[in-house]
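1. only geometry, no sequence info:
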């Protein structure tokens, strides 16, 4: 990661960052060479809030072909504070307004006057993860699917935000004349450490619950009864089309309006929901699996069952074919045994139902409540973990009360796995830490005593 600060001779509202920079400082001419030779993982902070023509020479070339956008296309990050990005351009010492003819964003500010729109703004889960100190907002923008909000002034208005472009991004903070220069300079380090953020409001026992995790693939949630393990999964499940399943299990979803936010792999999801209404800013491809309701198998075509057969052969090479019959799904083994799925043992049924659900829905987020309810014997459980680690899913969260469930997964010693102990606070353990503790103390008892973590 390399960081540089651009400090031009012209600015609109602020040049505060240039007075504190400890990074390489670039001027109108040198910034061109720096941007040309950098990209993925690098950060360009604008200490003065006027874009140099050397980076943004529209209409000489199309906006997407300008050096600043090519930098982001390659994976570079631009950090901007102060007045409206791209409103003015510095053309060799002359300040020129070009925004009306060359707005590069698919959105516009909601205020062009020299006054604050709001004296207060509120952090999203992303703002909380970045520890952003929100201020009054002068230049908010409307919500857009390519925007990740850092702070907002209303449900339909973002104060500060991240705009994704190519492999990179444009980060907009302090949309007013008042800029915390030290914070702006700290953003490259903060952004590079962003992991997974979860926020749940007004949902059962959670009034305002926040959980921040590192970049992982599998999280195992361990906690005593009624601590909210299943509620976390159900709140996240409301980011997708799982309302009917939750209502069938619970009778109702929630009292009043609840809200879930999720930040995952630079995607932002939010759902505001009641027992009768769901408002999703961006629907997530997520499935919720109750281990005791595995008989609810989605309809599956014969062609897809061929893929089911291929995946199941990873667990049992004796499986020859899984197929549809008038009476339902059947499994044909190589010894010519032909059995209805309903006549198989519960563990086998759980496995087949899971594989079918995965292939039908192709979820990016998988939520499994009480994995021990799948009734897997130890060898099948170990194979199932190998299977999960290979799936094309971005996040898998599992709740459990079983020592086998967490111990066997910890034994994989994967950096993609964390163990989340929940009591009044929560504690996040690596596989190595979980195994070290398990040598002298069951993690379930550690939770009962109250974990030492506080996040």
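-> Received, thanks. What you see is a predicted model, and the numbers here were worked out from it, not measured in a lab.
2. Which pLDDT value belongs to the residue most central in space within the chain?
-> Centroid check for the chain by C-alpha atoms, centre = their mean gives residue 264 as the closest residue, at 1.0 Å. pLDDT, residue 264: 96.
3. quick one: residue 162 from residue 241, how far?
-> Counting by C-beta to C-beta, to the nearest Å, the gap from residue 162 to residue 241 is 26 Å. Yep, even glycine has a C-beta here, placed from its N, CA and C like the rest.
4. Looking at the two now, which is surrounded by more residues?
-> residue 162 (24 against 17; other C-beta atoms under 10 Å).
5. Who's the closest spatial neighbour of the more buried one, skipping the chain neighbours?
-> Nearest residue to residue 162, sequence neighbours excluded (C-beta to C-beta, 6 or more residues apart in numbering): residue 148, at 4.1 Å.
6. Could you look up the SS state of the one you found?
-> On the three-state scheme (DSSP: H, G, I helix; E, B strand; the rest coil), residue 148 is labelled strand.
7. hey, where'd the strands end up in the stretch 351-455 of the chain?
-> 365-369, 395-400, 417-422, 426-429 (DSSP state E, counting those that start in this stretch).
8. Output those strands in CSV; the columns should cover distance to residue 273 and mean pLDDT.
-> Below are the strands of the stretch 351-455 of the chain laid out as CSV (distance: least, C-beta to C-beta, whole Å; pLDDT from 0 to 100):
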stretch, distance to residue 273, mean pLDDT
strand 365-369, 16, 96
strand 395-400, 19, 96
strand 417-422, 22, 94
strand 426-429, 23, 92
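9. And those: which comes nearest residue 172?
-> Among the strands of the stretch 351-455 of the chain, the nearest to residue 172 by C-beta to C-beta is strand 395-400 (26.6 Å).
10. Nearest approach to residue 208 belongs to which of the strands of the stretch 351-455 of the chain?
-> strand 426-429 (14.1 Å).
11. which strands and helices sit next to that closest one?
-> Using 3 or more C-beta pairs under 8 Å, 6 or more residues apart in numbering; DSSP states H and E, the elements in contact with strand 426-429 are strand 417-422.
12. If you count contacts, what does the strand it packs on end up packed against?
-> With contacts taken as 3+ C-beta pairs under 8 Å, 6+ apart, strand 417-422 sits against strand 206-213, strand 218-223, helix 403-410, strand 426-429, helix 431-438, helix 443-449.
13. what residues does it touch?
-> If you take C-beta atoms under 8 Å, 6 or more residues apart in numbering as the criterion, strand 417-422 is touched by 211, 213-214, 216-223, 227-229, 232, 389, 406, 409-410, 426-431, 433-434, 443, 446-447, 451, 453.
14. what does the lengthiest helix in the chain contact?
-> Counting by DSSP state H, the longest helix found in the chain is helix 346-361. Helix 346-361 is contacted by residues 285, 287, 289, 291, 294-300, 304, 307-308, 311-312, 315, 322, 329, 331, 341-342, 344, 366, 373-377, 380, 384, 391 when judged by C-beta under 8 Å, 6+ apart.
15. and what of stretch 153-165?
-> So stretch 153-165 is contacted by 69, 72-73, 105, 110, 117-118, 120-122, 126-127, 132, 134, 137, 140-143, 146-152, 169-175, 266, 272 (C-beta under 8 Å, 6+ apart).
16. Where strands are concerned, which of those count?
-> If you go by DSSP state E, these have 122, 141-142, 147-152, 169-173, 272 in strands.
17. Out of these, name the two that are farthest from one another.
-> 170 and 272 (26.6 Å).
18. More neighbours: these two, which one.
-> Set side by side, residue 170 and residue 272 show more neighbours around residue 170, with 22 against 18, by other C-beta under 10 Å.
19. contacting residues for that one?
-> Residue 170 neighbours (C-beta under 8 Å, 6+ apart): 72, 77, 78, 80, 85, 162, 163.
20. I'd like to know how many residues surround the residue nearest to the second one when sequence neighbours are not counted.
-> For residue 77, ignoring the flanking residues on the chain, the nearest one in space by C-beta to C-beta, 6+ apart is residue 43 at 4.8 Å. For residue 43, the count of nearby residues is 22 (other C-beta under 10 Å).
21. Mind listing what's buried along stretch 433-440?
-> Across stretch 433-440, burial judged by 16 or more other C-beta atoms under 10 Å covers 434, 435, 437, 438.
22. ok, the residues you listed vs residue 20, which is closest?
-> Distances from residue 20 to these, taken by C-beta to C-beta, are shortest for residue 434, at 41.8 Å.
23. I'd like the distance from the closest one to residue 332, if you could.
-> With C-beta to C-beta as the criterion, residue 434 and residue 332 are 40 Å apart.
24. Same question for residue 27.
-> Distance, residue 27 to residue 332, using C-beta to C-beta: 73 Å.
25. Check residue 312 too.
-> In terms of C-beta to C-beta, residue 312 sits 11 Å off from residue 332.
26. In terms of neighbours, single out the busier of those two.
-> Per other C-beta under 10 Å, whichever of residue 312 and residue 332 has more neighbours is residue 312, with 21 against 15.
27. for the closest residue to that one other than its chain neighbours, phi and psi?
-> Spatial nearest neighbour of residue 312, chain neighbours left out: residue 319 (5.0 Å); criterion: C-beta to C-beta, 6+ apart. Note on residue 319: its backbone torsions stand at phi -70, psi 120 [degrees, to the nearest 10].
28. Check whether residue 319 really touches residue 311, as I assumed.
-> No - in this structure residue 319 lies outside contact range of residue 311 using C-beta atoms under 8 Å: 9.8 Å.
29. need the contact list for residue 402.
-> 371, 372.
30. in the worst-scoring helix or strand of the chain on mean pLDDT, what counts as buried?
-> Ranked by mean pLDDT, DSSP states H and E, the weakest helix or strand in the chain is helix 443-449, scoring a mean of 77. Neighbour-count burial for helix 443-449, counted by 16+ other C-beta under 10 Å, picks out 443, 444, 446, 447.
31. Could you pull out the helices in the stretch 251-400 of the chain for me?
-> 302-312, 346-361, 378-390 (DSSP state H, counting those that start in this stretch).
32. So which of those is the most surrounded?
-> Of all those, helix 346-361 carries the top mean neighbour count, a mean of 20, counting by mean count of other C-beta atoms under 10 Å.
33. model confidence over it, on average?
-> 89.
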